[in-house]
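Trainee: Give me the fold of what follows.
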Amino acid sequence: MKSEIIAQIDAAVKAVEGKKVNHFYFVACGGSQAFMMPAQFMFDREIEIPASIYTSNEFVHMEPKALNENSVVITCSHSGNTPETVKAAQMAREKGALTIALSHLVDSPLWQAAEYPIFYDWGKEADTTDLNKGVLYSLLFRILNVVSPDPKYDKGLAALDHLKEATDKVKAQYADFAKEWGKSYKREPLLYTMGSGACYGECYSYAICLMMEMQWIHSSCIHSGEYFHGPFEVTDFDVPFIIVKGVGSTRYLDERAYNFCKKFSQRIALIDAADFDWCGIDESVREYYAPLLVGAVLRSMADAIAYERGHDLGVRRYMWKMEY
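Mentor: Residues are numbered from 1 along each chain as shown. So this is what the prediction gives:
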């Protein structure tokens, strides 16, 4: 990890250590919110301090009552100029909260709005630990270690050194699967994703960002725990599902949903984190690292279907092209 990123993370963590924190808020929009969903899950699992996640505009307009000078608000925007997220950071800071922002653009509006901005790198040539998820996880495990010290969090940080190898291996493992899926599903008008726990955010991001935004395919993300409370009624032989089975505390939910779904649907693509090569990532933190590897597989699937459909992932009709 680049020294300047480490210094920015250290400054933010030191500030957190110096506060009596009463609440952690994770605030962002779209894919940036989805990528922080594992953070809220992780904090709820590991520490007694409450953690919440909000889409930025709701955070701004409803103004959580508990938001005050003892709160920590962590925001993210790749461009650093998402208006709703900039406003969220500004509002949180006005309320006295400690504000941390992750962004790829230095000196962006979000960078200026937050008290502790942190840069992350981007692109194929960037080191895995310098990318958004690597930087986020470095921040999260360091915060956990000052709030409630545990050797487990050192293992969480050490796992970052194995992340590139594990990512490369899971992409290779699922390469043929992704290509065949793209060919088989390229004409589907609707795709459902399903998962839970730490992996839910990746399923959500796949549905709203990769499929709806980038492929204009009707899509919806179903929580495995909610499947039996309505959504399972749409299950049929020709209804397509992508089901993610995570590892750890909520795997039972995924297995239960999958075991029912496979009885009636012949169009299931299964991603099972238990089959991954974890490459030295300690078992105690695999539940939290599963989304990063699942995300790599889902991205490969998106690339494959985009190729088969001749619809580049970068094409937009409305986003960034008009006022909205």
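Trainee: At the geometric centre of the chain, which residue sits there?
Mentor: Centroid-nearest residue in the chain, with CA atoms, centre = their mean: residue 35, separated by 2.0 Å.
Trainee: now could you export just the CA positions of the helix or strand containing that one as PDB?
Mentor: In this assignment (DSSP states H and E), residue 35 forms part of helix 30-46. Extracted C-alpha coordinates of helix 30-46, given in PDB (Å, rounded to 0.1, in the frame of the first residue of the first chain):
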ATOM      1  CA  GLY A  30     -25.200   3.400  -5.600                       C
ATOM      2  CA  GLY A  31     -22.100   1.200  -5.900                       C
ATOM      3  CA  SER A  32     -20.200   3.200  -3.300                       C
ATOM      4  CA  GLN A  33     -22.900   2.500  -0.800                       C
ATOM      5  CA  ALA A  34     -23.000  -1.200  -1.800                       C
ATOM      6  CA  PHE A  35     -19.300  -1.500  -1.400                       C
ATOM      7  CA  MET A  36     -19.600  -0.300   2.200                       C
ATOM      8  CA  MET A  37     -22.400  -2.700   3.200                       C
ATOM      9  CA  PRO A  38     -19.900  -5.300   4.400                       C
ATOM     10  CA  ALA A  39     -18.400  -2.600   6.600                       C
ATOM     11  CA  GLN A  40     -21.700  -2.100   8.500                       C
ATOM     12  CA  PHE A  41     -22.100  -5.900   8.700                       C
ATOM     13  CA  MET A  42     -18.600  -6.300  10.000                       C
ATOM     14  CA  PHE A  43     -19.000  -3.600  12.700                       C
ATOM     15  CA  ASP A  44     -22.300  -5.100  13.800                       C
ATOM     16  CA  ARG A  45     -20.700  -8.500  14.200                       C
ATOM     17  CA  GLU A  46     -17.500  -7.300  15.900                       C
END
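Trainee: Can you tell me what sits against it?
Mentor: Defining contact as CB atoms under 8 Å, 6 or more residues apart in numbering, one finds that helix 30-46 is touched by 24, 26-28, 49-56, 74, 76-78, 82, 85, 132-133, 136, 140, 144, 148, 150, 197-202, 204-205, 208-209, 213, 249, 287-288, 291. Any C-beta I mention is one placed from the backbone N, CA and C, and that applies to glycine too.
Trainee: ok so residue 88 is a strand residue?
Mentor: No: applying DSSP: H, G, I helix; E, B strand; the rest coil, one finds residue 88 to be helix, outside a strand.
Trainee: Verify the contact between residue 111 and residue 120 for me.
Mentor: No: applying CB atoms under 8 Å, one finds residue 111 not in contact with residue 120, separated by 11.7 Å.
Trainee: For the two, indicate the residue with more neighbours.
Mentor: Per other CB atoms under 10 Å, whichever of residue 111 and residue 120 has more neighbours is residue 120, with 24 against 20.
Trainee: From residue 103, how far off is that one?
Mentor: For residue 120, the distance to residue 103 equals 7 Å [CB to CB, to the nearest Å].
Trainee: Equivalent analysis for residue 66, please.
Mentor: Residue 66 is 25 Å from residue 103, by CB to CB.
Trainee: neighbour count winner among the two?
Mentor: The neighbour comparison of residue 66 against residue 103 (other CB under 10 Å) goes to residue 103, with 26 against 11.
Trainee: which residues touch the more buried one?
Mentor: Neighbour list for residue 103: 76-80, 110-111, 117-120 [criterion: CB under 8 Å, 6+ apart].
Trainee: do that again at 6 Å, thanks
Mentor: Residue 103 makes contact with 77, 80, 110-111 under the criterion CB atoms under 6 Å, 6 or more residues apart in numbering.
Trainee: nearest spatial neighbour of it, skipping sequence neighbours?
Mentor: Leaving aside its chain neighbours, residue 103 sits nearest to residue 80 (3.9 Å; criterion: CB to CB, 6 or more residues apart in numbering).
Trainee: Can you show me the helices along the chain?
Mentor: Taking DSSP state H to define them, one finds helices in the chain at 3-17, 30-46, 56-62, 83-94, 109-113, 132-147, 151-158, 163-173, 175-185, 200-205, 214-215, 251-264, 286-309.
Trainee: Let's have those in TSV, adding distance to residue 231 and mean pLDDT.
Mentor: Shown next, in TSV, are the helices of the chain (distance: least, CB to CB, whole Å; pLDDT from 0 to 100):
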stretch	distance to residue 231	mean pLDDT
helix 3-17	38	98
helix 30-46	19	98
helix 56-62	23	98
helix 83-94	28	98
helix 109-113	35	98
helix 132-147	28	98
helix 151-158	33	98
helix 163-173	27	98
helix 175-185	19	99
helix 200-205	13	99
helix 214-215	21	98
helix 251-264	9	99
helix 286-309	19	99
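Trainee: I'd like to know which of those is closest to residue 317.
Mentor: helix 214-215 (11.1 Å; CB to CB).
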